[in-house]
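> Quick one, what's the 3D model for this:
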Amino acid sequence: MSGINDYIDSEVKNNDVVLFMKGTPGFPQCGFSGQVVQILDYVGVDYKGINVLDSSELRQGIKDYSNWPTIPQLYVKGEFVGGCDIVREMFQAGELQSFFNEKGIKVKGAA
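Numbering: from 1, shown residues only. Below you'll find the model as predicted:
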């Protein structure tokens, strides 16, 4: 178990923005993952997408890691931000862009 946890931990800590999702940014395999990809692409932030469908161990591991039951999961600068609903609400409220700015992450779109 610790192997998958170490992998997740290193991905979260070594990438400014990481999305654990079903599918890939180019080909999301579920609607919720697809929505978060669209939002991140719209905001224009660079992120790493990690496909949890590649392994059941990873799929369960990320839920254990965050203590959050659903996927996708967005991490920014090592911090768990949330899933689709939270990301969408932050985006609609205009908070997502300012959140990235506060974290020192470049966004292409104006807030």
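
> Could you give the bridge partners of the residue nearest to residue 82 when sequence neighbours are not counted?
The spatially closest residue to residue 82, leaving aside those adjacent along the chain, is residue 74, at 6.4 Å (Cβ to Cβ, 6 or more residues apart in numbering). From N, CA and C alone the C-beta is placed, and that goes for glycine too. Beta bridges link residue 74 to residue 19, residue 82 when assigned by DSSP bridges.

> what about residue 74, neighbour count?
A count of neighbours around residue 74, defined by other Cβ atoms under 10 Å, yields 23.

> Cross-check the contact I'm expecting between it and residue 87.
Yes. At 5.6 Å, residue 74 counts as touching residue 87 under the criterion of Cβ atoms under 8 Å.

> Which parts of the protein are strands?
Using DSSP state E, the strands assigned to the chain run over residues 17-21, 23-24, 27-28, 48-51, 73-76, 79-82.

> what does the fifth one rub up against?
In this structure, residues lying in contact with strand 73-76 by Cβ atoms under 8 Å, 6 or more residues apart in numbering are 12, 15-21, 36, 40, 62, 66, 80-83, 87, 99-100, 103, 105.

> All good on my end, thank you.
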